[in-house]
Structure formats: C-alpha cells, structure tokens
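J.: Any chance you can model this:
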Amino acid sequence: MDTQYWVILAIGAFMVYRIYRRVLRNLTWQPLSVKSLTVYTVLFGVVGLLFFAEGASHAVSLISDFVGILLGAALAAVSAANTRCEQQGGQWKYRTNPWIGGLVIVLFIGRLVFRVYQLIETDAFSEGASGTLSAMAGGWTSGLLLVLFAYYVVYNSLLLRRAKARA
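T.: Below is the predicted model of the structure:
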C-alpha cells in the first residue's frame, strides 16, 4: 500500500477518534478548567483567523465567512445559555446542550464528507494536489468551517467568563 494511503488512513482514524471524543463530551460532565478552555479558545481563534484570511480574497468566500461567523457566534450564545454548571466533588463541571452540540458535530461531519467528496471527484489525491489552506478555505464550505471555529471561540469565551465568576 502506498504511503499516501497510510497517511490518509491515519488522518481518517484520528478524525473518527476526535468525533467520538466530541460526542462523548456532549453527553458527559466536563471539568470547567480555565487553562484548557483558554488553550482551546486561542487555538481555534488562530486557526479560524487563518481560514478567514485565506478566504478573504474571494467575494463569495468573504460573504460565506461572515455568515458562518455570525451563525457560529449565535449558536454559541444559545448553547452557553443552555449549558448547565454544577459543583461535583469540589470541582465545577459543565455539560453542554446535547442538541446544539449535536448540530455542531453534524455540521462538522457534513462539511468533512462534502470536502472529501469534492477532493475525490476532482481526483485531487492522485494529482498530488497540495491540499493547502486555500484549497480547504474555498467557496461556501469555508463559511461552514468558520461556523465551527466561531462557535468554539465564543462558547469557550463565555464558559471562561463563568469559570472566572465562580472562582
């Protein structure tokens, strides 16, 4: 088997693992940790800004990016308002709204499947396409991706505010 297919298989396995972990986090209580929320907020913010900057050169991408950011922020605000926080075992924990978290996961999986379909359809894997950020940030699918980044940045920021208020 070619090395390229092993890499694709490894990335696919990692993605399945992360999706599993995300679903599990939507269903269980999570520690309200300022450190981890800060790291994830900065990480998602930086990567989201990179995707936004790459897509800003095209008018269609720019419009879809703004719509995606607004939808992600609105989803995060609703989700944060419906997040439950409790003190368990001397530590504050939170649980997201499973419906909104599920919607975000479905958006992620749908965008991922659509993007892989596009790459297979255009035969980008066999042509040795670079798979650069610009290839991932094209068209309206960039807006869907920015829904996720905006959701996690705003949601984590709102959780950080709650955690600092409880400390």
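
J.: switch to C-alpha atoms for all contacts and neighbour counts from now on
T.: Will do.

J.: Can you show me the helices along the chain?
T.: Remark: helices assigned in the chain by DSSP state H are 3-27, 34-55, 59-81, 98-121, 133-136, 140-166.

J.: Can you check which of those helices gets nearest to Gln91?
T.: With C-alpha to C-alpha, the closest approach to Gln91 among the helices of the chain belongs to helix 140-166: 10.4 Å.

J.: how far does the closest one sit from the chain's center?
T.: Relative to its chain's centre, helix 140-166 lies at 9 Å (C-alpha atoms, centre = their mean, to the nearest Å).

J.: Then stretch 156-167?
T.: 20 Å.

J.: What of stretch 15-34?
T.: Relative to the mean C-alpha coordinate of its chain, stretch 15-34 is positioned 12 Å out (C-alpha atoms, centre = their mean).

J.: likewise stretch 45-56?
T.: Computed by C-alpha atoms, centre = their mean, the chain-centroid distance of stretch 45-56 equals 13 Å.

J.: mind exporting that stretch as CSV, just the C-alpha atoms?
T.: Only the C-alpha atoms of stretch 45-56 are listed here, as CSV (Å, rounded to 0.1, in the frame of the first residue of the first chain):
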residue,chain,number,x,y,z
GLY,A,45,-9.2,31.6,17.2
VAL,A,46,-5.8,31.4,15.4
VAL,A,47,-6.8,28.7,13.0
GLY,A,48,-10.1,30.3,12.3
LEU,A,49,-8.3,33.6,11.6
LEU,A,50,-6.0,31.8,9.1
PHE,A,51,-9.0,30.3,7.3
PHE,A,52,-10.8,33.7,7.3
ALA,A,53,-7.7,35.5,6.0
GLU,A,54,-7.2,32.9,3.2
GLY,A,55,-10.9,33.1,2.1
ALA,A,56,-11.0,36.9,2.3
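
J.: got the buried residues for it?
T.: Across stretch 45-56, burial judged by 16 or more other C-alpha atoms under 10 Å covers 45, 48, 51-52, 54-56.

J.: before we move on, the earlier item: where among the helices of the chain is average confidence lowest?
T.: Ranked by mean pLDDT, the helices of the chain end with helix 133-136 at the bottom, a mean of 50.

J.: How many residues are close by Ile11?
T.: Neighbour count for Ile11, taken as other C-alpha atoms under 10 Å: 12.

J.: again but with Val23, I slipped
T.: Neighbour number of Val23 under other C-alpha under 10 Å is 15.

J.: That one is in contact with Gly102, isn't it?
T.: Yes - counting by C-alpha atoms under 8 Å, Val23 touches Gly102, with 7.4 Å between them.

J.: so what's the most centrally placed residue in the chain up against?
T.: The centroid of the chain falls nearest to Leu148 when counting by C-alpha atoms, centre = their mean (3.8 Å). For Leu148, the contact set (C-alpha atoms under 8 Å, 6 or more residues apart in numbering) comprises 72, 104, 107-108.
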